[in-house]
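A.B. asks: Everything below, folded, please.
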Amino acid sequence: MSVYTSVSDDEMRVFLADYSLGAFKALHGIAQGITNSNYFLDTDSGSYVLTVFEVLTQQELPFFMELTRHLSSRGVACPQPVARRDGRMDGTLAGKPACIVSRLAGGDTSCPTAEQCRATGAMLAAMHLAGADFPQQMPNPRHAAWWTREAERLYPLLDAADAELLRDEIRFQAAVDYGSLPQGIIHADLFKDNVLLAGNEVAGFIDFYYACNGTFVYDLAIALNDWARHADDSIDETLRDAFVAGYQSVRPLSAAETAALPAACRAGCLRFWVSRLLDYHFPAEGEMTFIKDPKAFRNLLLRYRQAA
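C.D. replies: All right, here's what the predicted structure looks like:
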(Lines give C-alpha, C1' and ligand atoms only; values in the text may rest on other atoms or scores of the structure.)
Protein backbone atom coordinates (compact mmCIF):
# COMPACT_ATOMS: atom_id res chain seq x y z
CA MET A 1 0.00 0.00 0.00
CA SER A 2 1.15 3.52 -0.76
CA VAL A 3 -0.16 7.04 -1.18
CA TYR A 4 -0.02 8.36 -4.74
CA THR A 5 -3.21 10.43 -4.54
CA SER A 6 -3.48 12.91 -1.68
CA VAL A 7 -6.91 13.27 -0.08
CA SER A 8 -7.69 16.32 2.03
CA ASP A 9 -9.87 16.24 5.13
CA ASP A 10 -12.50 18.32 3.33
CA GLU A 11 -12.56 15.90 0.37
CA MET A 12 -12.97 13.03 2.79
CA ARG A 13 -15.91 14.71 4.52
CA VAL A 14 -17.66 15.17 1.18
CA PHE A 15 -17.01 11.52 0.25
CA LEU A 16 -18.33 10.32 3.61
CA ALA A 17 -21.61 12.19 3.09
CA ASP A 18 -22.72 9.23 0.93
CA TYR A 19 -22.14 6.78 3.82
CA SER A 20 -23.73 6.15 7.21
CA LEU A 21 -20.44 6.06 9.11
CA GLY A 22 -20.79 9.14 11.26
CA ALA A 23 -18.58 12.19 11.30
CA PHE A 24 -15.02 12.23 9.97
CA LYS A 25 -12.29 12.13 12.61
CA ALA A 26 -8.89 11.38 11.00
CA LEU A 27 -7.14 10.07 7.90
CA HIS A 28 -3.64 8.54 7.97
CA GLY A 29 -1.68 7.44 4.90
CA ILE A 30 -0.33 3.87 4.71
CA ALA A 31 3.19 3.72 3.26
CA GLN A 32 3.63 -0.02 2.58
CA GLY A 33 2.79 -1.55 -0.78
CA ILE A 34 3.10 -0.30 -4.30
CA THR A 35 -0.16 -0.15 -6.27
CA ASN A 36 -2.99 1.91 -4.74
CA SER A 37 -3.35 4.87 -2.39
CA ASN A 38 -4.41 3.62 1.04
CA TYR A 39 -5.41 5.33 4.26
CA PHE A 40 -6.59 4.37 7.70
CA LEU A 41 -9.88 6.20 8.17
CA ASP A 42 -11.40 6.99 11.57
CA THR A 43 -15.00 8.10 11.97
CA ASP A 44 -17.48 8.28 14.83
CA SER A 45 -18.50 4.70 14.10
CA GLY A 46 -15.05 3.09 14.03
CA SER A 47 -11.86 2.51 12.02
CA TYR A 48 -11.80 1.59 8.33
CA VAL A 49 -9.46 1.41 5.35
CA LEU A 50 -9.92 3.80 2.43
CA THR A 51 -8.46 2.79 -0.93
CA VAL A 52 -8.12 5.09 -3.94
CA PHE A 53 -7.43 2.98 -7.02
CA GLU A 54 -4.62 4.09 -9.31
CA VAL A 55 -5.01 1.37 -11.98
CA LEU A 56 -8.32 -0.46 -11.58
CA THR A 57 -11.36 1.07 -13.23
CA GLN A 58 -14.80 1.71 -11.76
CA GLN A 59 -16.14 -1.13 -13.91
CA GLU A 60 -13.64 -3.63 -12.45
CA LEU A 61 -14.25 -2.86 -8.77
CA PRO A 62 -17.51 -4.83 -8.29
CA PHE A 63 -15.61 -8.08 -8.91
CA PHE A 64 -13.33 -7.49 -5.94
CA MET A 65 -16.09 -6.17 -3.68
CA GLU A 66 -18.35 -9.14 -4.39
CA LEU A 67 -15.45 -11.59 -4.07
CA THR A 68 -14.53 -10.54 -0.54
CA ARG A 69 -18.19 -10.69 0.50
CA HIS A 70 -18.45 -14.17 -1.00
CA LEU A 71 -15.28 -15.46 0.66
CA SER A 72 -16.24 -13.99 4.02
CA SER A 73 -19.61 -15.72 3.88
CA ARG A 74 -17.73 -19.01 3.53
CA GLY A 75 -15.41 -18.54 6.47
CA VAL A 76 -12.42 -16.79 4.89
CA ALA A 77 -11.65 -13.70 6.97
CA CYS A 78 -11.19 -10.69 4.69
CA PRO A 79 -12.18 -7.01 4.64
CA GLN A 80 -15.83 -6.28 3.99
CA PRO A 81 -16.76 -3.45 1.63
CA VAL A 82 -18.87 -0.75 3.25
CA ALA A 83 -21.95 0.11 1.22
CA ARG A 84 -23.04 3.66 0.60
CA ARG A 85 -26.56 4.79 1.40
CA ASP A 86 -27.58 4.06 -2.19
CA GLY A 87 -26.27 0.48 -1.95
CA ARG A 88 -23.16 0.97 -4.08
CA MET A 89 -19.86 -0.24 -2.66
CA ASP A 90 -17.60 2.19 -4.52
CA GLY A 91 -17.50 5.85 -5.40
CA THR A 92 -15.22 8.52 -6.83
CA LEU A 93 -12.67 10.45 -4.78
CA ALA A 94 -10.11 12.91 -6.15
CA GLY A 95 -11.29 11.91 -9.61
CA LYS A 96 -10.48 8.22 -9.10
CA PRO A 97 -12.40 5.08 -8.07
CA ALA A 98 -12.43 4.57 -4.31
CA CYS A 99 -13.97 2.37 -1.64
CA ILE A 100 -14.10 1.95 2.12
CA VAL A 101 -13.64 -1.49 3.70
CA SER A 102 -13.63 -2.78 7.24
CA ARG A 103 -10.35 -2.70 9.14
CA LEU A 104 -9.44 -6.14 10.45
CA ALA A 105 -7.76 -6.88 13.76
CA GLY A 106 -4.31 -8.43 13.93
CA GLY A 107 -0.99 -7.50 12.42
CA ASP A 108 1.45 -8.77 9.83
CA THR A 109 4.86 -10.28 10.48
CA SER A 110 8.23 -10.06 8.77
CA CYS A 111 9.56 -13.19 10.49
CA PRO A 112 6.90 -15.91 10.45
CA THR A 113 7.10 -19.08 12.49
CA ALA A 114 6.40 -22.54 11.14
CA GLU A 115 3.05 -22.49 12.97
CA GLN A 116 2.08 -19.23 11.28
CA CYS A 117 3.11 -20.61 7.90
CA ARG A 118 1.03 -23.73 8.49
CA ALA A 119 -2.03 -21.66 9.46
CA THR A 120 -1.65 -19.35 6.45
CA GLY A 121 -1.24 -22.27 4.07
CA ALA A 122 -4.42 -23.83 5.44
CA MET A 123 -6.36 -20.58 5.01
CA LEU A 124 -5.08 -20.19 1.44
CA ALA A 125 -6.40 -23.66 0.62
CA ALA A 126 -9.71 -22.77 2.29
CA MET A 127 -9.87 -19.65 0.14
CA HIS A 128 -9.32 -21.71 -3.02
CA LEU A 129 -12.16 -24.03 -2.05
CA ALA A 130 -14.43 -21.17 -0.99
CA GLY A 131 -14.09 -19.50 -4.37
CA ALA A 132 -15.27 -22.58 -6.28
CA ASP A 133 -18.85 -21.31 -6.62
CA PHE A 134 -18.04 -17.63 -7.11
CA PRO A 135 -19.81 -16.84 -10.40
CA GLN A 136 -17.70 -13.96 -11.70
CA GLN A 137 -14.49 -14.28 -13.74
CA MET A 138 -11.35 -12.13 -13.87
CA PRO A 139 -8.45 -13.06 -16.19
CA ASN A 140 -5.00 -12.82 -14.61
CA PRO A 141 -3.72 -9.37 -15.66
CA ARG A 142 -0.09 -10.15 -14.75
CA HIS A 143 0.84 -13.47 -16.25
CA ALA A 144 2.44 -14.72 -19.48
CA ALA A 145 1.10 -12.15 -21.95
CA TRP A 146 1.82 -9.32 -19.53
CA TRP A 147 5.39 -10.27 -18.60
CA THR A 148 6.25 -11.02 -22.24
CA ARG A 149 4.99 -7.58 -23.28
CA GLU A 150 6.51 -5.64 -20.39
CA ALA A 151 9.88 -7.37 -20.75
CA GLU A 152 10.31 -5.58 -24.07
CA ARG A 153 10.34 -2.28 -22.18
CA LEU A 154 12.90 -3.61 -19.72
CA TYR A 155 15.49 -5.34 -21.93
CA PRO A 156 17.21 -2.07 -22.96
CA LEU A 157 17.49 -1.04 -19.30
CA LEU A 158 19.05 -4.26 -17.99
CA ASP A 159 22.61 -5.48 -18.16
CA ALA A 160 23.30 -8.29 -20.61
CA ALA A 161 23.17 -11.06 -18.00
CA ASP A 162 19.84 -9.98 -16.53
CA ALA A 163 18.31 -9.40 -19.96
CA GLU A 164 19.26 -12.91 -21.03
CA LEU A 165 18.00 -14.36 -17.75
CA LEU A 166 14.66 -12.65 -18.28
CA ARG A 167 14.39 -13.83 -21.89
CA ASP A 168 15.33 -17.39 -21.02
CA GLU A 169 12.89 -17.66 -18.12
CA ILE A 170 10.05 -16.33 -20.26
CA ARG A 171 10.90 -19.01 -22.85
CA PHE A 172 10.93 -21.67 -20.13
CA GLN A 173 7.57 -20.62 -18.71
CA ALA A 174 5.98 -20.58 -22.17
CA ALA A 175 6.68 -24.31 -22.44
CA VAL A 176 5.04 -25.23 -19.11
CA ASP A 177 1.50 -26.63 -19.33
CA TYR A 178 -0.35 -24.90 -16.49
CA GLY A 179 -3.69 -25.11 -18.27
CA SER A 180 -4.33 -28.72 -17.25
CA LEU A 181 -3.88 -28.02 -13.53
CA PRO A 182 -6.71 -27.19 -11.07
CA GLN A 183 -7.77 -23.57 -11.32
CA GLY A 184 -10.14 -21.10 -9.72
CA ILE A 185 -10.06 -17.87 -7.73
CA ILE A 186 -6.55 -17.00 -6.55
CA HIS A 187 -5.26 -14.16 -4.38
CA ALA A 188 -2.13 -13.72 -6.54
CA ASP A 189 -0.35 -11.50 -3.99
CA LEU A 190 -0.39 -13.34 -0.66
CA PHE A 191 2.80 -11.88 0.75
CA LYS A 192 3.40 -11.63 4.48
CA ASP A 193 2.16 -8.04 4.57
CA ASN A 194 -1.18 -9.13 3.11
CA VAL A 195 -1.96 -11.52 5.96
CA LEU A 196 -3.02 -10.32 9.40
CA LEU A 197 -2.18 -12.65 12.27
CA ALA A 198 -3.39 -12.99 15.85
CA GLY A 199 -0.67 -15.05 17.47
CA ASN A 200 -0.34 -18.20 15.37
CA GLU A 201 -3.81 -17.87 13.84
CA VAL A 202 -4.85 -16.04 10.69
CA ALA A 203 -7.00 -13.00 11.48
CA GLY A 204 -7.55 -12.18 7.83
CA PHE A 205 -6.30 -11.86 4.27
CA ILE A 206 -6.18 -8.35 2.82
CA ASP A 207 -5.43 -6.54 -0.45
CA PHE A 208 -7.42 -8.69 -2.89
CA TYR A 209 -6.97 -6.28 -5.79
CA TYR A 210 -4.83 -8.70 -7.82
CA ALA A 211 -7.26 -11.56 -7.22
CA CYS A 212 -8.25 -13.31 -10.42
CA ASN A 213 -8.82 -16.70 -11.99
CA GLY A 214 -5.65 -18.74 -12.14
CA THR A 215 -3.84 -21.93 -11.25
CA PHE A 216 -3.95 -22.84 -7.56
CA VAL A 217 -0.36 -24.11 -7.48
CA TYR A 218 0.83 -20.77 -8.90
CA ASP A 219 -0.94 -18.96 -6.05
CA LEU A 220 0.69 -21.32 -3.57
CA ALA A 221 4.08 -20.68 -5.18
CA ILE A 222 3.70 -16.90 -4.90
CA ALA A 223 3.02 -17.26 -1.18
CA LEU A 224 5.91 -19.67 -0.64
CA ASN A 225 8.33 -17.31 -2.36
CA ASP A 226 7.67 -14.69 0.30
CA TRP A 227 6.68 -16.61 3.42
CA ALA A 228 9.65 -19.01 3.26
CA ARG A 229 12.24 -16.57 1.88
CA HIS A 230 15.14 -15.43 4.05
CA ALA A 231 16.79 -12.01 3.86
CA ASP A 232 19.56 -13.55 1.74
CA ASP A 233 16.90 -14.68 -0.79
CA SER A 234 17.25 -18.35 0.08
CA ILE A 235 14.30 -20.59 0.94
CA ASP A 236 13.83 -21.88 4.48
CA GLU A 237 12.82 -25.51 3.98
CA THR A 238 11.15 -25.72 7.40
CA LEU A 239 8.88 -22.76 6.67
CA ARG A 240 8.21 -23.97 3.12
CA ASP A 241 7.29 -27.46 4.27
CA ALA A 242 5.05 -26.09 7.04
CA PHE A 243 3.20 -23.84 4.59
CA VAL A 244 2.67 -26.69 2.11
CA ALA A 245 1.60 -29.07 4.90
CA GLY A 246 -0.96 -26.54 6.11
CA TYR A 247 -2.28 -26.13 2.59
CA GLN A 248 -2.53 -29.88 2.04
CA SER A 249 -4.34 -30.38 5.35
CA VAL A 250 -7.29 -28.61 3.70
CA ARG A 251 -6.78 -29.23 -0.01
CA PRO A 252 -4.28 -31.98 -0.94
CA LEU A 253 -2.22 -31.26 -4.04
CA SER A 254 -2.52 -33.63 -6.98
CA ALA A 255 0.57 -35.43 -8.28
CA ALA A 256 0.57 -33.08 -11.28
CA GLU A 257 0.45 -30.02 -9.03
CA THR A 258 3.31 -31.31 -6.90
CA ALA A 259 5.37 -31.90 -10.05
CA ALA A 260 4.55 -28.39 -11.33
CA LEU A 261 5.34 -26.57 -8.07
CA PRO A 262 9.04 -25.90 -8.84
CA ALA A 263 8.16 -24.32 -12.20
CA ALA A 264 5.33 -22.36 -10.56
CA CYS A 265 7.78 -21.00 -7.96
CA ARG A 266 9.94 -19.78 -10.84
CA ALA A 267 6.86 -18.21 -12.46
CA GLY A 268 6.10 -16.39 -9.21
CA CYS A 269 9.66 -15.03 -9.18
CA LEU A 270 9.32 -13.91 -12.79
CA ARG A 271 6.05 -12.10 -12.16
CA PHE A 272 7.35 -10.09 -9.20
CA TRP A 273 10.80 -9.49 -10.66
CA VAL A 274 9.17 -7.89 -13.69
CA SER A 275 6.69 -5.83 -11.68
CA ARG A 276 9.40 -4.55 -9.34
CA LEU A 277 11.68 -3.72 -12.27
CA LEU A 278 8.84 -1.69 -13.77
CA ASP A 279 8.29 0.13 -10.48
CA TYR A 280 12.02 0.81 -10.21
CA HIS A 281 12.60 2.03 -13.77
CA PHE A 282 9.22 3.71 -14.28
CA PRO A 283 8.25 4.97 -10.81
CA ALA A 284 4.84 6.52 -10.24
CA GLU A 285 4.72 9.93 -8.62
CA GLY A 286 3.18 10.13 -5.18
CA GLU A 287 3.24 11.73 -1.78
CA MET A 288 4.30 8.56 0.05
CA THR A 289 5.50 5.64 -2.09
CA PHE A 290 7.28 2.38 -1.39
CA ILE A 291 9.37 0.63 -4.07
CA LYS A 292 10.52 -2.89 -3.25
CA ASP A 293 13.89 -4.31 -4.26
CA PRO A 294 13.69 -6.03 -7.69
CA LYS A 295 16.84 -8.06 -7.00
CA ALA A 296 15.15 -10.23 -4.37
CA PHE A 297 13.14 -12.21 -6.92
CA ARG A 298 15.94 -12.20 -9.47
CA ASN A 299 18.20 -13.81 -6.87
CA LEU A 300 15.56 -16.33 -5.82
CA LEU A 301 14.89 -17.19 -9.46
CA LEU A 302 18.58 -17.90 -9.96
CA ARG A 303 18.57 -20.22 -6.94
CA TYR A 304 15.60 -22.16 -8.32
CA ARG A 305 17.21 -22.44 -11.75
CA GLN A 306 20.48 -23.68 -10.28
CA ALA A 307 18.62 -26.33 -8.28
CA ALA A 308 16.61 -27.57 -11.29
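
A.B. asks: Arg303 - that's part of a helix, no?
C.D. replies: Yes. Looking at Arg303 with DSSP: H, G, I helix; E, B strand; the rest coil, it is inside a helix.

A.B. asks: And for it, nearest residue in space, chain neighbours not counted?
C.D. replies: Nearest residue to Arg303 in three dimensions, chain neighbours excluded: Ser234, at 6.4 Å (C-beta to C-beta, 6 or more residues apart in numbering). The way it works is simple: take the backbone N, C-alpha and C, and place the C-beta from them, glycine included.

A.B. asks: Tell me, how many residues neighbour that neighbour?
C.D. replies: Counted with other C-beta atoms under 10 Å, residues neighbouring Ser234 total 12.

A.B. asks: quick one: it and Gln306, what's the gap?
C.D. replies: Note on Ser234: its distance to Gln306, by C-beta to C-beta, to the nearest Å, is 11 Å.

A.B. asks: wait, isn't the residue nearest to Arg303 in contact with Leu302?
C.D. replies: No. In this structure Ser234 lies outside contact range of Leu302 using C-beta atoms under 8 Å: 10.9 Å.

A.B. asks: Tell me how far the residue nearest to Arg303 lies from Gly46.
C.D. replies: Ser234 sits 42 Å away from Gly46 when distances are taken as C-beta to C-beta.

A.B. asks: again with Glu115
C.D. replies: Taken as C-beta to C-beta, the span from Glu115 to Gly46 is 30 Å.

A.B. asks: Ala228 too?
C.D. replies: 35 Å.

A.B. asks: Give me the more crowded residue out of these two.
C.D. replies: Neighbours were counted for Ala228 and for Gly46 using other C-beta under 10 Å; Ala228 has more, 22 against 12.

A.B. asks: Check what pLDDT the more buried one gets.
C.D. replies: Per-residue pLDDT puts Ala228 at 98.

A.B. asks: give the contact list for Ala228.
C.D. replies: 117, 235-237, 239-240, 243 (C-beta atoms under 8 Å, 6 or more residues apart in numbering).

A.B. asks: got the domain boundaries for this structure?
C.D. replies: 9-102, 114-307 (automatic domain parsing).

A.B. asks: Endpoints of the shortest one, how far apart?
C.D. replies: From the first residue to the last, domain 9-102 extends over 20 Å; the measure is C-alpha to C-alpha, to the nearest Å.

A.B. asks: buried set for the helix or strand hosting Arg271?
C.D. replies: Per DSSP states H and E: Arg271 is located in helix 255-281. Residues 257, 260-261, 263-279 are the ones in helix 255-281 that count as buried (16 or more other C-beta atoms under 10 Å).

A.B. asks: Burial check on Ser8, number of neighbours?
C.D. replies: By other C-beta under 10 Å, the residues close to Ser8 number 10.

A.B. asks: An error on my part: the question was meant for Arg118.
C.D. replies: 21.

A.B. asks: Angles on the backbone of the spatially closest residue to Gly131 that is not a sequence neighbour, please.
C.D. replies: Distance criterion C-beta to C-beta, 6+ apart; nearest residue to Gly131, sequence neighbours excluded, is Ile185 at 3.0 Å. Main-chain dihedrals, Ile185, degrees, to the nearest 10: phi -70, psi 130.

A.B. asks: So Ile185 is in contact with Ala126, correct?
C.D. replies: No. Using C-beta under 8 Å, Ile185 is not in contact with Ala126, being 11.8 Å away.

A.B. asks: More neighbours: those two, which one.
C.D. replies: Neighbour count, other C-beta under 10 Å: between Ile185 and Ala126, Ile185 has more, with 26 against 20.

A.B. asks: quick one: contacts for the more buried one?
C.D. replies: Contacts of Ile185 (C-beta under 8 Å, 6+ apart): 67, 127-128, 131-132, 134, 211-213.

A.B. asks: closest to Leu253 among the residues you listed?
C.D. replies: If you rank the contacts of Ile185 by distance to Leu253 using C-beta to C-beta, His128 comes first, at 10.9 Å.

A.B. asks: Check the gap between that closest one and Leu301 for me.
C.D. replies: Where Leu301 is concerned, His128 sits at a distance of 25 Å (C-beta to C-beta).

A.B. asks: Next: Phe272.
C.D. replies: 10 Å.

A.B. asks: same thing with Trp227?
C.D. replies: Trp227 sits at a distance of 17 Å from Leu301 (criterion: C-beta to C-beta).

A.B. asks: quick one on the thing from earlier: look up phi and psi at the residue nearest to Arg303.
C.D. replies: Torsion angles, degrees, to the nearest 10, at Ser234: phi -100, psi 160.
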